[in-house]
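Enquirer: what follows is a predicted protein model with its sequence.
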Amino acid sequence: MTRSKKTHTTHELTDEQLKQIVAEADTGGRKPTGLAAQFLLVIALAWSLFQLWIASPLPFSLGVFVLNDTESRAIHLAFAVFMAFAAYPAFKGSPRAYIPVVDWILATVAAFCAGYLFLFYAELASRPGIPTTLDLVVAVTGLVLLLEAARRALGLPMVILAVFFLIYIFFGQYMPDVIAHRGASLSKGMSHLWLTTEGVFGVALGVSASFIFLFVLFGALLETAGAGNYFIKSAIALLGHMRGGPAKAAVVASASTGLISGSSIANVVTTGTFTIPLMKSVGYRDDKAASVEVASSVNGQLMPPVMGAAAFLMVEYVGITYVEVMKHAIVPALISYIALFYIVHLEAMKMNLQGLPRREPLPWQQATITTLMTVSGVIILAAIVYWGFGWLKDVVGESAFLIVGAMMLVAYVAIIHFAAKYPELHMEKPGDKMEYLPEIGPTLKSGLHYLLPVAALIWNLMVEQLSPALSAFWATLFLIFILVTQRPLFAFFRGKGEFGVALRHGFQDLFDGLVTGARNMIGIGIATATAGVIVGTVTLTGIGLAMTELVEILSGGNLMIMLSLVAVICLILGMGLPTTANYIVVSTLMAPVIVELGAQQGLLVPLIAVHLFVFYFGLMADVTPPVGLASYAAAGIAKSDPIKTGFTAFGYSARTAILPFMFIFNTQLLLIGITDVFHLIMTIVSATIASLMFAAATQGWFVTRNKVHETLILLLVTFSLFRPGFWLDMVYPAYDEVPASQLTQLVEAAPPKGNLRVWVQGLTLEGDEVSKGVLLPLGEPGNARERLSRMGLTLMTLGDDVQVAAVKFGSRAEKLGLEQGFNITSIELPAAGRPDKEWVFVPTLLLLAMVWFMQRARARREPPRPPHNPNA
């Protein structure tokens, strides 16, 4: 019996076409030959070496080529725009095999305009705000060429958004009243955007030059070394035997490669060419196999440490350390992946799918342990590094860095000697049928040395507490050593000889990794610079206040409507934008809206919760059809309809959409306000169960197929576990009000990194009267003056009145919307005698148990279903 012909259009892509999609999106689709190719390789190599140089301690130690932030940003952008014009063709029909003369000219002019701030830094510093004719010509030319580079590297959506904001700068007086402003002159606008650090050369480009490049380079070198292949094969070996095993392996493999990859498209193609055919082989429908890969690959952007480079931007925008950003982001990211893993399981249950066979059966105890270790591998590694060796820092002080470095080298050689006993891992060709799963032991043991650079990064960040840039620099140096020496060491321990050939291969791998890292950064460098246009528009025109007023009018002051509007706007703004630019745009425009309007309604949450909220919804746009390129790539591998794949992937990603709402109302999910280990475990377990029940409700399957009332109960369980305080607030007031005169004592008595809820009133600089709540972050212990000054706040007490005397520019206090002259009217403390909100979990879990018993009884009465045969 033949299958009926499919009515929808399918797009089968060859392996070469898939690589071309990744190249055109991430590294540039051009492949010139001859001298042009060699020159591009030299430029890419020079860019990587330049970034390693400015991240290292050497410039300051030797006093040679020491650059300030502005000069570094200018050179960074010069490399990016030059590479963009050289590597990305202007149009689909433009030549790929050579670089036209016009592109060489555009690349050179663009690089000069970008490097103008470096070349004439002293002259520009001597006449701030008074641009010459040459300054304006360079600024206009540079901005036009930057937008053209963005069109080539990022596509039209980013350019259209930037052009809209440019029009708003110069023609603000013609805009609707709610967003109108006076309009800026050409001199003022271009000077602000190009000749200062408020626009293109602002914080976003600075973060790209300081942090992002090194982490992208780290990921590229790790991938070149073979870590990506290792992660994929390990996930398949560990999880492939389970129901729908290849799909579960795809989720874990994408999470693992997401740790080192800043691109969801590259993630799709890297893991998808192997996992999608395997998913189809056990019975997953074409579009569902592609959608699982898309959802899990895009989720890689949520996973610390890279988070699509957004983590480093959050450090600057929120004003907290990089380690804190990772700490706050890790639980929602893991919950999101666990929920996707569960969705895959439910799909397998609905279709009664089986896994792939092993040559030898695995005992269930061992299977359970290996599965848990696979899912939580990075957390386990971080715990081993921090608690297993962190004590060395206390015992030997500064010498710990050298001691741990020596231990890493010894461990590396020992692990290579151990791994050499097992065969080298090779990735099967796409489409090859896998009859049996790879053996777990040999697979895992063959690449354990890939974990050492990650361990080095964790040590530098968490124990040494170095800056992200310096942490990545030392970890990258160690990785470079591994890249060069792993082949010769394997050849030596396997007794193969050919030591010189292996060493040459090692240096070739290093060269390829450095070049790939630079080419992977083209789009990110262009994106952060172009997004600077939006940031510059906000600082020049005050459109942020206009957006707040617009959302306030549309929401009518309703908190949930306001958050839903912001979520929808983030989806629209993020459509078609790469992760980095996406976050800059939505955080610049929409984060202040939540802070301001939420404060007026009593929603007082830390800034990191707000920024993660807009980041999650901006990222959801990555899978939204018809723009999502990741869906198109996955559909090409699966031979499915790209639009249908996009919608199915968006459905799978819906479980991510619930998380931002929940951690806005329950910041414990971001590990804020956790008092002890038991509280931490309870928070993580309850949030995970809630996310799984939301997946079960939306998938229509728990133990068996849901009835309507069971789905409603599961949604109620989800809500109650995520936000238990909602029900308790109906019975007990959440806060007691105390007078502002007690502020000094309360600030001093607050625990380390505690928060204090205060209400303020006053007139803004624009003359508007405000009354809102503010959550003051108090940081480390100290007296009241010290703790307040750390956040940039100076208060003045006059009898019972407390007034804001000064707010430091760029401080956390300023980001919270505090201004000089505001009066602190009252303070809110958690209500005394109020039961812990976690008591709500008891009836909630009893309700869940009732549904489980009902479905379990019904499932036993149903006739057994035959295993699904994908070849039927």
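Expert: All right, it came through fine.
Enquirer: distance of the nearest residue to Met83 once chain neighbours are set aside relative to Thr580?
Expert: Closest residue in space to Met83, ignoring its immediate chain neighbours: Ile522 at 4.8 Å, by Cβ to Cβ, 6 or more residues apart in numbering. Any C-beta I mention is one placed from the backbone N, CA and C, and that applies to glycine too. Applying Cβ to Cβ, to the nearest Å, the value for Ile522 to Thr580 is 12 Å.
Enquirer: state the helix or strand in which the residue nearest to Met83 lies.
Expert: In the assignment (DSSP states H and E), Ile522 maps to helix 499-541.
Enquirer: how distant is that helix from the center of its chain?
Expert: On the basis of Cα atoms, centre = their mean, to the nearest Å, helix 499-541 sits 17 Å off its chain's mean C-alpha point.
Enquirer: summarise which helices and strands the next helix or strand after it is packed against.
Expert: Next helix or strand after helix 499-541 toward the C-terminus (DSSP H and E): helix 543-555. Other elements packing on helix 543-555 under the criterion 3 or more Cβ pairs under 8 Å, 6 or more residues apart in numbering; DSSP states H and E are helix 559-574, helix 579-589, helix 591-600.
Enquirer: adding mean pLDDT, write the ones you listed out as JSON lines.
Expert: Converted to JSON lines, these look like this (pLDDT from 0 to 100):
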{"stretch": "helix 559-574", "mean pLDDT": "83"}
{"stretch": "helix 579-589", "mean pLDDT": "80"}
{"stretch": "helix 591-600", "mean pLDDT": "82"}
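Enquirer: turn the ones you listed into a markdown table, columns for mean neighbour count and distance to Glu814.
Expert: Shown next, in a markdown table, are the helices and strands packed on helix 543-555 (neighbours: other Cβ atoms under 10 Å; distance: least, Cβ to Cβ, whole Å):
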| stretch | mean neighbour count | distance to Glu814 |
| --- | --- | --- |
| helix 559-574 | 19 | 21 |
| helix 579-589 | 28 | 15 |
| helix 591-600 | 22 | 11 |
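Enquirer: distance to Ala36 added to those, as JSON lines?
Expert: As requested, the helices and strands packed on helix 543-555 are exported to JSON lines (distance: least, Cβ to Cβ, whole Å):
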{"stretch": "helix 559-574", "distance to Ala36": "35"}
{"stretch": "helix 579-589", "distance to Ala36": "28"}
{"stretch": "helix 591-600", "distance to Ala36": "43"}
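Enquirer: to what extent is Ala649 buried, counted in neighbours?
Expert: 30 (other Cβ atoms under 10 Å).
Enquirer: cool, and Gly725?
Expert: Gly725: 17 neighbours (other Cβ under 10 Å).
Enquirer: does it touch Lys837 like I think?
Expert: Yes: counting by Cβ atoms under 8 Å, Lys837 is a contact partner of Gly725 at 4.3 Å.
Enquirer: measure the residue nearest to Met83 to Ile43 for me?
Expert: 11 Å.
Enquirer: can you check which residues contact both of the two?
Expert: Met83 (Cβ atoms under 8 Å, 6 or more residues apart in numbering).
Enquirer: those two: who's more crowded?
Expert: Ile522 (28 against 19).
Enquirer: thought the more buried one was touching Phe85?
Expert: No: between Ile522 and Phe85 there is no contact under Cβ under 8 Å: 10.0 Å.
Enquirer: residues contacting Phe719?
Expert: Ala690, Phe726.
Enquirer: buried ones in whatever helix or strand it lives in?
Expert: Element membership for Phe719 (DSSP H and E) is helix 708-722. Using 16 or more other Cβ atoms under 10 Å as the test for burial, helix 708-722 gives Glu710, Thr711, Ile713, Leu714, Leu715, Val717, Thr718, Phe719, Ser720, Leu721, Phe722.
Enquirer: state the distance from the third one to Phe665.
Expert: With distances taken as Cβ to Cβ, Ile713 is found 21 Å from Phe665.
Enquirer: what do you get for the fourth one?
Expert: Plainly put, Leu714 is 19 Å away from Phe665 if you go by Cβ to Cβ.
Enquirer: and Asn755, how far from Gly673?
Expert: 8 Å.
Enquirer: who has more neighbours, these two?
Expert: Using other Cβ under 10 Å, the more surrounded residue of Asn755 and Gly673 is Asn755, with 19 against 16.
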